[in-house]
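Please find the sequence and the predicted model below.
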Amino acid sequence: MGQSDARVIHAEMTDELESSWRAWHALPQAVLRESPDGTPVRTLLLRWRTETLQARVAVEEYLRSNLEHLPEADWRASGLRFRRLANDFPAAASRIELARMAWDLPLVAMHNPLLSAAAQGQLQEAIRTWLQLCVLEDKLQRLLVFEAAGAMSESVMVRELQTKRTWEPAEHPEWLGFEAEGRLQIRPAQYAVAQHLIDHPHAVVQLNMGEGKTRVILPMLALHHFSKQRQRRDAGEQQQGATLRMYFLSALIHEAYDFLHRHLCGSSAFNLRLFLLPFDRDVDLKEADARALCCTVEHCREIGGVLVMAPEHRLSLQLKRLELTVQQHAAPSHDEGTAGDAKEGLAERSAVRNQLAAMEALPVIDLFDESDELMRHKYQLVYALGTPMALPSGPTRWGAAHALLLMIHRNPLQIAGILAKQGVCKRRETPAVVTAGCRATVDEHGDPGGGSSFPRYKEAFPELRLLDGKHLPQAVDALSEAAIRELLARPPDRFWWLSRVSSAVTERIVPFVSDATCEDAGLRELLERDEYMEDLLALRGLLAHGVLWHCLMLRHRVEYGIDRGETKRKQLAVPFRASDTPSHRSEFGHPDCAIILTSLAYYFDGLSYLEMQTALKTLLALGDNSQRAIYNKWFALSEDRMRETDRIALNKVEKIDISNSCQQELMWQYYRCNVETINFWLSNCVLPIETMQYPQRLIANAWHLADNAAKRAGGFSGTNDNHRLLPLQ
């Protein structure tokens, strides 16, 4: 995207926000006033509640007397009385049954088959009136509670008084039952959103957070779908409609399911069915399992149920079908001894694939709760296929990342000046570090473990974060040039050859590495070896294309971090859903981002005791010269804060004794946040294994999630900021 395009989008977003702001402030502000005759509000509310209660009791008595009345003159009445005595015929309707009669007319006839069709219709109208009185009684009770709270609840009381029914109970009797059973009243804005999604099933609607999207609107849409399916079934229509699929965030799906189950299923007046369909790649699907899945979705459609899913469940089902297709096409030839088994396996996979395809072909209505999060453009589900192989140019890529991070750690004067400018960087001198997995010990230097805070010593990486704002773009350009010039002036061992290039080549390297618009223009021919160009390309990706600066903008343990829980799958940094809440099954798709964020996470957290042990064992497995060269870097960074006795005990690699637990504890305290130690551990123990790549990947994202053949994929969200990034239909 060019700068002109970015300015246009920025102007459009600004205009939208200003228009929304003006519209909000233009709304009339309602206030509470005293009654014309001076009657206190509480007195009025108590009077109205009493009148409503009396009316509700009178209507309920009328309903029960007519439902239970069996005329003496009718010869069928005697038989019904005997059946009542034998408990073979309902004697009295419960309140749940009364509410259900508001939309289920045959239930009225079941309780009193002697009623005429006209009488049944009159009773159903009276039942709807009774439900409206129940809702009004609950509303008056809420108003009394708000009035007792005083001025603190005045705004809530005003909103409650402004809430009125803007829909016809005869058209949506299930909503009336939902109001009465949930002891709430549907607000005009909630009805407007629900009706808009009914009329436009492909739309995405914004409604502010806390306005009842999940608790009110979703049940309204589920009940509307349930009612339409029942009407089709009662009318004997051949076309049975579509299955309603509701999508929730993984963290909220169980809470949403429990709420919907409690208010819409067997314990309520609706008896609506909910179906959970969890699925991931680890599920070993057989033909019978796939057929059962397809039949379940078909049954859900027939009875007007609701399919509750997380986005990864549906995408995983799609990718499973594609994976089976790839496996079938890539199936190798077999000798005669195994040909029969191979043929059976191919037939099984083909049958499973066909069942999954049949399930995907069923008509559906997709409804997304929190659509802005479910359809984020960054979200994707990946199925890796094939044999894992090493990351191309892996040592070069993490060598470049560590070289630049070490350069920031040294904090040279020019870079320090750029970072010190207002609005560019935020530093934190005493961060919370070392999460679960580290041994909790504290020495007399105040060097703690187990998640406490500690001062940032010389060997530790400074906890800083770049701030996204108007000052950052210019600062990033300056930082990129300063970083490569500092690297050319003091190259690390990995880039030793930079110290040997001529000044003319240096002036060609600086813009190539720091400016994304600059081409190599014959730079490759000026270098002695092709490997040197590979080093420059790695640095160019991190600096000129902003990968390093992007990673330094993210918040540690809020947007990324190390998952140290029992369910951790990798030692790489993973995305976080919230503060200290890792997304266990997620990972960063960009290898260079994963390398930098993993390095930063371990810089800030420090190594655990076991990780430190692994680093030492790996070090001692090297040759003598390599041991000395590497260990001397560790020691040089941490030497200044060591006590004299500790300095003498740890100044040479030959003095390290893995079996000496006291020495190992001491080394862990000094080296666990040492950037050279962490870089060595990552480069030799973590990154070569954890960054393995697969030759093929199947990917599904928000565009696949919104793919609906009938263009009936909609939803709502509390924000509208990213509506330009939503997938198209």
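Yep, it's here.

which stretches of the stretch 251-400 of the chain form helices?
253-264, 287-303, 311-329, 336-361, 371-374, 394-410 (DSSP state H, counting those that start in this stretch).

Check which helices and strands the fourth one sits against.
Counting by 3 or more C-beta pairs under 8 Å, 6 or more residues apart in numbering; DSSP states H and E, the packing neighbours recorded for helix 336-361 are helix 287-303, helix 311-329. Quick note: C-beta positions are derived from backbone N, CA and C, even for glycine.

C-terminal to the helix or strand encompassing residue 194, what's the next element?
Assigned by DSSP states H and E, residue 194 belongs to helix 188-199. Next in sequence after helix 188-199, counting helices and strands by DSSP H and E, comes strand 204-206.

Tell me which helix or strand comes right after that next one.
helix 218-235.

Show me which positions of that next one end up buried.
218-227, 229, 232 (16 or more other C-beta atoms under 10 Å).

try stretch 31-45
41, 45.

which one of the buried residues of helix 218-235 is nearest residue 111?
For these, the residue nearest residue 111 by C-beta to C-beta is residue 227; the value is 20.9 Å.

quick one: the nearest residue to residue 350 once chain neighbours are set aside from residue 209, how far?
Sequence neighbours aside, residue 328 is the residue nearest to residue 350 in space, at 6.3 Å (criterion: C-beta to C-beta, 6 or more residues apart in numbering). Distance of residue 328 to residue 209, given as C-beta to C-beta, to the nearest Å: 46 Å.

Residue 184 contacts residue 134, doesn't it?
No. Using C-beta atoms under 8 Å, residue 184 makes no contact with residue 134, being 11.3 Å away.

So for those two, which sits in the more crowded spot?
Taking residue 184 and residue 134 together and counting by other C-beta atoms under 10 Å, residue 134 has the greater number of neighbours (23 against 18).

residue contacts, the more buried one?
Residue 134 makes contact with 56, 180, according to C-beta atoms under 8 Å, 6 or more residues apart in numbering.

How much space separates it from residue 220?
Taking C-beta to C-beta, one finds residue 134 at 18 Å from residue 220.

repeat for residue 521
Taken as C-beta to C-beta, the span from residue 521 to residue 220 is 64 Å.

could you list every residue that touches residue 41?
With C-beta under 8 Å, 6+ apart, residue 41 has these contacts: 32, 34-35, 147.

Which ones among these map onto helices?
Counted as lying in helices by DSSP state H, out of the contacts of residue 41, are residue 147.

now the contacts of residue 41 in CSV, with distance to residue 123 and pLDDT?
What follows is the contacts of residue 41, written out as CSV (distance: C-beta to C-beta, whole Å; pLDDT from 0 to 100):
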residue, distance to residue 123, pLDDT
32, 39, 76
34, 42, 76
35, 37, 77
147, 36, 88
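
will you turn the contacts of residue 41 into TSV that also has distance to residue 245?
TSV is the format used below for the contacts of residue 41 (distance: C-beta to C-beta, whole Å):
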residue	distance to residue 245
32	44
34	51
35	50
147	43
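
Could you point out which of the contacts of residue 41 is nearest to residue 659?
Set against residue 659, the nearest of these by C-beta to C-beta is residue 147 (75.5 Å).

right, and the closest one touches residue 156 too?
No. If you go by C-beta under 8 Å, residue 147 and residue 156 don't touch, sitting 10.5 Å apart.

Okay, buried residues for stretch 159-171 please.
Judged by neighbour count (16+ other C-beta under 10 Å), stretch 159-171 contains these buried residues: 160, 163, 165, 167, 169.

Next up, the contacts around the most centrally placed residue in the chain.
Nearest to the mean C-alpha position of the chain, counting by C-alpha atoms, centre = their mean, stands residue 249 at 5.3 Å. For residue 249, the contact set (C-beta under 8 Å, 6+ apart) comprises 310, 369-370, 373-374.
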